[in-house]
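K.L.:
heads up, no residue letters with this:
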């Protein structure tokens, strides 16, 4: 907690990044390998495949960190960083009506990794991350499957999972419910750099 | 003196045996049987066992999931896994589907005969799945080794681990209590998990909360909703879910049987699988010490999971394989201390619990403390045998002998008294003894004797045989029923009954097949049962003896003894132990089930103790029968497993309706009788197809090319004899008839046929009408032609031409007349033909033209431009002639106005053309000529004749018919 408080003073006020920072500072390297990996370049993509309309958008503003030493992780993204909608109107609806970026500017996922990540392995490793997924102000406990590949000081991460709108209290007006899927499919790919 | 010395010597020997051998308590062992696993299974490769609701035993192995039916091991493989991965847990969901958890964390369920991998979005586990559980909410739980517990709500997987407060992440077992709380057994205690979707409440209990040990290895939920918990050390505890309190019952304290692997409760008994002592039987709420059941199961053998199958059997998974025990209803006692209990003549357990038994070596007394004494030695008996031992009203032991009369022994003073023929017995050879109050009834080779024991110890002897003039008769058995009637079995006079004043004898006339009666008993409802020397067993009902059971005359089987326990009659027979359920009249013969091939015993070789347990003395030892709440499975359990159509297993739906070509049906069924599966036979019948039942050993019935219809498949599984009790199962299905024999199709065909026939009739009618019309037209044409030819003008003109020719050129007149007659003849010739070649028509025209030329001279000019092929084509007869005649009829032909007629071909038409030079006044035109040609062409060829009148000429287009 002390570290947490110190970090709170030294870094930006975004809590999630703070957690990431905590991970970074809180652990040491194991086996001479990197323990904490921080996002370098990561994309998040979502898709809503509704009967009448396919909506997809992506963002490369995903930030976060994975600590394979104590098996913790934290990720965050600015909800207003999503681009690539079919139209400006669609984007406006997404920001204002559904995700409500004014009220809920960020989405986060943080928790612990169930499996041990072998820092010496150069194979693809399947892991499951158990944590709290916070979207639209609604926190849900989730287990999300991912694959990681360690290469030098880089971690390649890939994951896909679903987000049911009702789990996060995102309401769809009756009139457009044929245009937005009940379940949104999310894909994350990224590289994290060992620190 | 000598006998006393021998007795002393014997006592010394017995004591020596007791001192120098390890002291063994009298042991009652469950009868256990090893089940041979498929040879492809490596020893020890079975990880877990599970019994499903329908009674099958499931084995989790490294070679897939195995279902044991008694006859077969059906195997289901995990196709998606390349290597052999152990199945470490099995469970059944609320819909009856079987699930399996794997050592690599996979989970699969059984569907349509194969294992289907369960793939939730979150994955299942990467650690070994030690337990699978379906709770009352329908959630599926799995306990893992290292990742804590997961549960699946139907759309999402959640995890409970140390972060959520779970006491430990190494989980061995799961169980749900009566309040819907799921308990987790771990290395560090137990956790109670109450969840609702993602909301979790976890509470932990460990040694400080009263558990005897940290490591909880197994759970078993009892009928009250409480949970028995087995521990790695220090025994077991009982969890009361209402107060969440843990009780350690007496037998669990100072536990010295090692780590508990598994436990289960059946009735009052807790069966515990232990690491050091194998299977241990505990009466948890009684003070008696646990019993170790190690017959055929070496105590060193590591045993694992145990399961009960709802049919009175307990399954034990051991390193050496799979075992099944009848422990619940039958046990075997082979020794009491140093003495063998094999080949006894009679047996008694007295009110103190001490045992008395006789063999060829004499009468023995075995006290609970483990002492054994030879009360009457072999030498003393001098060849006589103790046939029956009973406890008298005052605790005295009554031992009837065959040869030495009756011994009355005081177990306190060891004073012995002997009642013999000299004291008034009918004979010293006593076969059986029964008591009622102070009266003792003896069946002897001389008749029925009665001894009345007076309180002062004196004995008065009378003879029922002599009093009632039964004669010097062998009496095999005597029995006093609940109404104090004395029943006795005679040799040759049937069964007798003395009601205190009157003697009645029932012989062959009352339904018995044999007049020698060996054994008599009374069932719980007061009916008398007896067995004759032929082995048949009867129940006395309304003055008659009715034969019961299944003994066939080809297979004689002595019935040694009858006894009654709860609702059952127990018959000890040469072929085994036969049970009769007096409630249902079902019977069951047990032999290989309880590890015997047959029984050699004495008459009256059963003893019933105060609790209703029956002790049967056999060559193998004493078989102990306990009806345990009277729920003995009397017959195999019959289950239809799958119905396949062309080898494709069908789902379990209420109504199976198949297409007409889906008529190749096979049905797999099982009759479960795990104790002796080789006895199971089947009777099958497909109602709606088979005329009668078919007996078979096969557990599959196949039917190919079934006709359409409604069918019900019935199967009965029975043991050995078809007459034995059996259970049945059935499945119904329907094969639809093909569409061409169904109503709507037939209707459609009828409609189509009718309309088809109608159309044909209609068509033919039209054709007739058309032909009629052609005929009519033709006639009309002929008539017209003829009329034209006999036209007065034509004749007049012809005659005037002829006249002038006669005058001017008589020779020419002759040829003119010839042509004229030729012409008329040809007209008559062609009038009946439908078509003629153009060449012929042209010939006729040449004749006609000759006639015309005589009349008009060179003013008529005919120009024919037709090739050979055209000449061979056809036209309607007299068409051209008629046209020329028409020309002559309507036109002026003179030197000033010559007439030119031409024929030529254009395409498939013949073009007739003439110059137009119409008469001012003409003969009245009927218009019939041209109209006739047109109609005839239309009718005969379907082609039209066109007429074209221009300024200068008249053109007719005639179709050529090739």
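P.N.:
Right, received. Where do you want to start? These figures come from a predicted structure and were not determined experimentally.
K.L.:
can you give me the helices for the chain?
P.N.:
You didn't pick a chain, so chain A it is. Using DSSP state H, the helices of chain A run over A:2-10, A:15-26, A:88-93.
K.L.:
if you could check chain B rather than the one you did, that'd help
P.N.:
Under DSSP H, chain B gives helices at B:2-20, B:378-381, B:464-467, B:743-789, B:792-808, B:810-830, B:838-856, B:868-872, B:879-890, B:928-941.
K.L.:
how about those in a markdown table, adding mean pLDDT?
P.N.:
Listed next are those as a markdown table, based on pLDDT from 0 to 100:
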| stretch | mean pLDDT |
| --- | --- |
| helix B:2-20 | 42 |
| helix B:378-381 | 87 |
| helix B:464-467 | 85 |
| helix B:743-789 | 85 |
| helix B:792-808 | 75 |
| helix B:810-830 | 82 |
| helix B:838-856 | 82 |
| helix B:868-872 | 82 |
| helix B:879-890 | 81 |
| helix B:928-941 | 76 |
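K.L.:
what's opposite residue 145 in the beta bridge?
P.N.:
No chain specified, so I'll use chain A. Beta bridges link residue A:145 to residue A:128 when assigned by DSSP bridges.
K.L.:
should've been chain B
P.N.:
Judged by DSSP bridges, the bridge partners of residue B:145 are residue B:170.
K.L.:
contacting residues for the spatially most central residue of chain A?
P.N.:
Residue closest to the mean C-alpha point of chain A, counted by CA atoms, centre = their mean, is residue A:75 at 4.4 Å. Residue A:75 makes contact with A:16, A:39, A:62-64, A:108-110, A:188 under the criterion CB atoms under 8 Å, 6 or more residues apart in numbering or on different chains. Quick note: C-beta positions are derived from backbone N, CA and C, even for glycine.
K.L.:
shaky segments in chain A?
P.N.:
For chain A, the stretches with pLDDT under 70 are A:1-34.
K.L.:
all strands for it, in order.
P.N.:
With DSSP state E as the criterion, chain A has strands at A:36-49, A:54-59, A:63-67, A:72-78, A:106-113, A:124-135, A:138-151, A:154-164, A:183-194.
K.L.:
so the residue nearest to residue B:481 when sequence neighbours are not counted bridges to which residues?
P.N.:
Among residues not flanking residue B:481 along the chain, residue B:522 sits closest, at 4.7 Å (CB to CB, 6 or more residues apart in numbering or on different chains). Here residue B:522 sits in beta bridges with residue B:528, going by DSSP bridges.
K.L.:
what's near enough to touch residue B:115?
P.N.:
Residues near residue B:115 by CB under 8 Å, 6+ apart: B:64-65, B:76-79, B:100, B:108-109.
K.L.:
show me which of these are buried.
P.N.:
Buried by 16 or more other CB atoms under 10 Å in any protein chain shown: B:64-65, B:76, B:78, B:100, B:108-109, out of the contacts of residue B:115.
K.L.:
and the residue of chain A nearest chain B?
P.N.:
Using CB to the nearest CB, the closest approach of chain A to chain B is made by residue A:143 at 3.8 Å.
K.L.:
hang on, residue B:819 packs against residue B:850?
P.N.:
Yes - between residue B:819 and residue B:850 a contact is recorded at 4.6 Å, counting by CB atoms under 8 Å.
K.L.:
just to revisit the earlier point, so what's the residue nearest to residue B:481 up against?
P.N.:
Residue B:522 sits next to B:479, B:481-482, B:528-529, B:564 when contact means CB under 8 Å, 6+ apart.
K.L.:
could you pull up the contacting residues of residue B:642?
P.N.:
Going by CB under 8 Å, 6+ apart, residue B:642 touches B:113, B:649-650, B:667-668.
K.L.:
mind putting those residues into JSON lines with neighbour count and distance to residue A:93?
P.N.:
Output for the contacts of residue B:642, formatted as JSON lines (neighbours: other CB atoms under 10 Å in any protein chain shown; distance: CB to CB, whole Å):
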{"residue": "B:113", "neighbour count": "14", "distance to residue A:93": "50"}
{"residue": "B:649", "neighbour count": "16", "distance to residue A:93": "50"}
{"residue": "B:650", "neighbour count": "16", "distance to residue A:93": "49"}
{"residue": "B:667", "neighbour count": "22", "distance to residue A:93": "59"}
{"residue": "B:668", "neighbour count": "20", "distance to residue A:93": "58"}
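K.L.:
can you name the residue of the stretch 451-600 of chain B nearest to chain A?
P.N.:
residue B:593 (49.1 Å).
K.L.:
next up, the contacts around the nearest residue to that residue once chain neighbours are set aside.
P.N.:
Closest residue in space to residue B:593, ignoring its immediate chain neighbours: residue B:675 at 3.8 Å, by CB to CB, 6+ apart. The neighbours of residue B:675, taking CB under 8 Å, 6+ apart as the test, are B:33, B:313, B:324, B:326, B:590, B:592-594.
K.L.:
let me have those residues in CSV, adding neighbour count, pLDDT and distance to residue B:421 as columns.
P.N.:
Below are the contacts of residue B:675 laid out as CSV (neighbours: other CB atoms under 10 Å in any protein chain shown; pLDDT from 0 to 100; distance: CB to CB, whole Å):
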residue, neighbour count, pLDDT, distance to residue B:421
B:33, 19, 83, 49
B:313, 26, 86, 51
B:324, 22, 89, 52
B:326, 21, 77, 45
B:590, 23, 88, 40
B:592, 15, 86, 44
B:593, 23, 86, 44
B:594, 22, 86, 40
